[in-house]
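Chemist: Got a predicted model here, sequence first, then my questions.
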Amino acid sequence: MPSQKLIKRRTLPVNAPLVDSLPPEARTQRRRLRACHECDWVSALPPLNSGEKASCPRCSHVLVKRHRYPAQRSMALAIASLVALMLAVSFPFISFTVSGVSNRIELTQTATTLIGFHQPVVAIAVIMTILVLPAVYLLGVLWLQFGLLRDRPLPFSRDIARSLAHLTPWMMADVFIIGALVSLIKIAGLADVEIGISFWAFCAFALLLLMTSQSLDADWMWFSLEGEPLAPEGTRTGLPAGEQGLTGCPTCGLINRLSPRGRGHCIRCHEKLHQRLPNSLQRTWALLGASAIMYIPANVYPIMTTTSLGNSSPSTIIGGVVQLIQMGSWPIAAVIFIASVIVPVGKLVALTWLCLVVKRSSALNAQSRTRLYRLTEFIGRWSMVDVFVVAILVALIRAGSLMSITPGPASLAFGAVVVLTMLAAMTFDPRLIWDTPLPHRHPLLRRKAATKEPVDG
Ligand SMILES: [Zn+2]
Ligand SMILES: [Zn+2]
């Protein structure tokens, strides 16, 4: 719990409004206001007890989730994750034996072997998403929560707290586990496979990492770091923030007033603010176009080549699925088909459709369109499964002409599709869905907007 002393000492810009020094839970007289990140609706947060959450009344997006002992909880989980990660990189991951030839790999070899096959970009993507970014994230959480527990934030705490939210979507340890399981089942019939300690440690790491990122209570964290400046004077609840010349900070949640050009910086966390993401539709269109183009080589070229007893057989994504069906591995064929075909194509179609209809959204369909957007944002990273399968098989199956697997050019193209569609979902601003025509506009505001007067309630 932050002390009074802590909040007084935190530095805020000179022109910052009054800082409310009561902890979030104790505040009943002054209401804390939030603008929903997905529909821009301004609402007041109720006092929250641990285990409770507050959702947007218009689109039901979760605004704040309160945990019991947030700092201790995140710190314990982050330490446990780091221990599991250290175990995962120090022991053998998987080993396989075929006709007396065996090979044992460590976790990091899933990336380093790819460099040997001239796929450095895919190798970097693998090592970053499963090891480097999660490790950086966990160390950041430790640094931050350690300072908060001592009631004295360590240097750079604000920058670290701001970066954590940006790192989360790029950590893919959980997706890697699915890739590892698919790889194991794929080769189980062809060779003897043995699972090492590192595999189990990595499973624990993926789970603990997920729990750590879920345990972060951004609202409490920012309150403890910087206090809570009051919302700009005249902010009204039950109206979109954009109409009032305001915006909610995407990182710390605070409502800020924007410059007349619709820009600014958050007075609490210094995040760049825009009324709507700049050129959101154009950027989303460009990224969608690029990923649609990359989806062609991803399917035309082989994703990997299997050499067995001197015979090389390259296989494309679809070819691999057909092969699995012929082998009778229906569940694995289904996983690969969903992750590599349905998810990326579905995402491309859904985002294209959202971009097309966003100008014609109404209060009636905005809710379902926001739900569709949320789904595309959530499922995007799961497409990486096939890239991870290639990384694992290439590292593991190395028994010369007896049996070996090499990566194909489609692995890079497909990795690019995943990253580009993820970026496309990030650049799409869901608040645009709710913008036109705005439902239940306040007559006073509409008149003021028409005469271009500043809205100050
Ligand atoms: Zn909302
Ligand atoms: Zn902020």
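Modeler: That came through, no problem. Numbering: from 1, shown residues only. Ligands and ions are numbered 1, 2, ... in the order given.
Chemist: Low-confidence ranges, this protein, go.
Modeler: Where the chain drops to pLDDT under 70, the residues are 1-30, 436-457.
Chemist: Would you enumerate the residues in contact with the residue in the stretch 51-200 of the chain positioned nearest to ligand 2?
Modeler: Nearest to ligand 2 in the stretch 51-200 of the chain, going by C-beta to the ion, is Arg162, at a distance of 7.8 Å. Heads up, the C-betas are built off the backbone N, CA and C, glycines and all. Shown in contact with Arg162 (C-beta atoms under 8 Å, 6 or more residues apart in numbering): Thr251, Cys269, His270, Glu271.
Chemist: Please, which helix or strand holds it?
Modeler: Take DSSP states H and E as the rule and Arg162 turns out to sit in helix 157-167.
Chemist: How about that helix, which residues are buried there?
Modeler: For helix 157-167, burial by neighbour count (16 or more other C-beta atoms under 10 Å) applies to Ser157, Arg158, Ile160, Ala161, Arg162, Leu164, Ala165.
Chemist: In TSV: these, plus distance to Leu210.
Modeler: TSV is the format used below for the buried residues of helix 157-167 (distance: C-beta to C-beta, whole Å):
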residue	distance to Leu210
Ser157	23
Arg158	25
Ile160	20
Ala161	19
Arg162	21
Leu164	14
Ala165	15
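Chemist: partner residues bridging Gly248?
Modeler: Legend: beta-bridge partners of Gly248 under DSSP bridges are Ile255.
Chemist: Any idea how many residues pack against it?
Modeler: The number of residues packed near Gly248 is 25, by other C-beta atoms under 10 Å.
Chemist: That one contacts Cys39, doesn't it?
Modeler: No. In this structure, Gly248 is not within contact of Cys39 by C-beta atoms under 8 Å, at 10.4 Å.
Chemist: State the three-state secondary structure for the residue nearest the centre of the chain.
Modeler: Closest residue to the average C-alpha location of the chain: Pro169 at 1.8 Å, with C-alpha atoms, centre = their mean. Three-state assignment for Pro169 (DSSP: H, G, I helix; E, B strand; the rest coil): helix.
Chemist: So it is in contact with Arg381, correct?
Modeler: Yes. With contact defined as C-beta under 8 Å, Pro169 and Arg381 form a contacting pair (6.4 Å).
Chemist: Return the residues of the chain in contact with ligand 1.
Modeler: Taking C-beta under 5 Å from the ion, the part of the chain that reaches ligand 1 is made up of Cys36, Glu38, Cys39, Trp41, Cys56, Arg58, Cys59, His61.
Chemist: Neighbours of the second one, how many?
Modeler: Okay, so that is Glu38. When neighbours are defined as other C-beta under 10 Å, Glu38 has 23 of them.
Chemist: Make residue 1 into 41 and carry on from there
Modeler: All right, first residue 41 from here; so that's Glu78.
Chemist: quick one, phi psi at it?
Modeler: Backbone geometry at Glu78, expressed as degrees, to the nearest 10, gives phi -100, psi -30.
Chemist: what's it in contact with, if anything?
Modeler: Cys96, Cys99, His101, Thr410, Tyr413, Arg414, Pro470, Arg471.
Chemist: which helices and strands does the strand or helix carrying Ala374 pack with?
Modeler: Here Ala374, judged by DSSP H and E, is contained in helix 370-377. The elements that helix 370-377 packs onto, with contact taken as 3 or more C-beta pairs under 8 Å, 6 or more residues apart in numbering; DSSP states H and E, are helix 213-228, helix 357-366, helix 425-436.
Chemist: quick one: that helix to helix 357-366, angle?
Modeler: If you take axes from the mean of the first three to the mean of the last three C-alpha atoms, to 10 degrees, helix 370-377 sits at 170 degrees to helix 357-366.
Chemist: buried sites along helix 370-377?
Modeler: By neighbour count on 16+ other C-beta under 10 Å, the buried set for helix 370-377 is Ile372, Ala373, Val375, Ile376, Phe377.
Chemist: Just flag the most distant two among the contacts of Arg202.
Modeler: Distance extremes for these: the farthest pair is Thr291 and His310 at 9.0 Å, using C-beta to C-beta.
Chemist: For these two, indicate the residue with more neighbours.
Modeler: Neighbours per residue (other C-beta under 10 Å) separate Thr291 from His310, with Thr291 holding more: 22 against 16.
Chemist: Ignoring the adjacent residues along the chain, who's closest to the more buried one?
Modeler: Glu311 (4.4 Å; C-beta to C-beta, 6 or more residues apart in numbering).
Chemist: Is the one you found in contact with Asn296, as I believe?
Modeler: No. At 9.3 Å, Glu311 does not count as touching Asn296 under the criterion of C-beta under 8 Å.
Chemist: For the two, list the residues in contact with both.
Modeler: With contacts taken as C-beta under 8 Å, 6+ apart, Glu311 and Asn296 have Cys289, His305 as neighbours in common.
Chemist: neighbour count winner among these two?
Modeler: Neighbours per residue, other C-beta under 10 Å: of Glu311 and Asn296, the larger number sits with Asn296, 22 against 18.
Chemist: show me what contacts that one?
Modeler: Contact analysis of Asn296 by C-beta under 8 Å, 6+ apart lists Pro272, Leu286, Thr287, Gly288, Cys289, Gly304, His305, Cys306, Ile307, Leu313.
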